[in-house]
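Undergrad: Predicted model follows, preceded by the sequence.
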Amino acid sequence: MIALLITAIVMIAEIIGGLLANSLALLSDAGHMLTDILALGLSLVAMRFAQKPPTPSKTFGFHRLEILDELRKIKGVKDVHHLHLWTITSGINAMSAHVLIDDLLISSSAYILKEIKSLLHNNYRIGHSTIQFESKSCGDGLLQNHVHR
């Protein structure tokens, strides 16, 4: 919370300074700091939700938000969606997710997969995960125009 407040104060100071000095550099840095504020805010919200106990409809509690936030922080990950968590049996948790990354060769994306699986195992005790990588060039219906006969 303190980091969020300090970052917001510095951003406001940069906006004021940038306008008074007619400095595009200060204004652009203030824009960058806005993205930092949004990331810190998302982390704060995720941490608060993760502290809530499980409910009948959210049997894994609210840990999905915390996991979603941490996955988005991994280098090379642009977005995470369709995140599903479940318990296979007592003490065995599983997860599946779609992860948006740059358009990479499979061999080049292996380090991202290794980091994701390590984070899930070490921080959340999720031993089984299925990750589907996606890139911006892979949209819905992409293969519909390339039907092989």
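TA: Nice, I can see it.
Undergrad: Strand partners (parallel or antiparallel) of the longest strand seen in the chain?
TA: Criterion DSSP state E: the longest strand present in the chain is strand 77-89. Using DSSP bridges, strand 77-89 pairs in its sheet with strand 92-101 (antiparallel).
Undergrad: Return the set of buried residues in the strand it pairs with.
TA: Asn93, Met95, Ala97, Val99, Leu100, Ile101 (16 or more other Cβ atoms under 10 Å). The way it works is simple: take the backbone N, C-alpha and C, and place the C-beta from them, glycine included.
Undergrad: Which residues does that strand contact?
TA: Applying Cβ atoms under 8 Å, 6 or more residues apart in numbering, the contact partners of strand 92-101 are 60, 67, 71, 76-88, 109, 112, 116, 120, 124-136.
Undergrad: just the helices in this protein please.
TA: Along the chain, the stretches classed as helices by DSSP state H are 2-21, 24-50, 63-72, 110-124.
Undergrad: Show me what the mean pLDDT comes to for the second one.
TA: This predicted structure assigns helix 24-50 an average pLDDT of 86.
Undergrad: Now that helix: buried residues?
TA: Of the residues in helix 24-50, those buried (16+ other Cβ under 10 Å) are Leu26, Leu27, Asp29, Ala30, Met33, Ile37, Leu40, Ser43, Ala46, Phe49.
Undergrad: is it true that the second one touches Leu19?
TA: Spelled out, it's Leu27. Yes - using Cβ atoms under 8 Å, Leu27 is in contact with Leu19, at 7.4 Å.
Undergrad: rewinding a little: for ChimeraX, what selects the buried ones among the contacts of strand 92-101?
TA: Of the contacts of strand 92-101, the buried ones go into a single ChimeraX selection, burial set by 16+ other Cβ under 10 Å:
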select :67,71,76,77,80,85,109,112,116,120,124,126,129,131,133,134
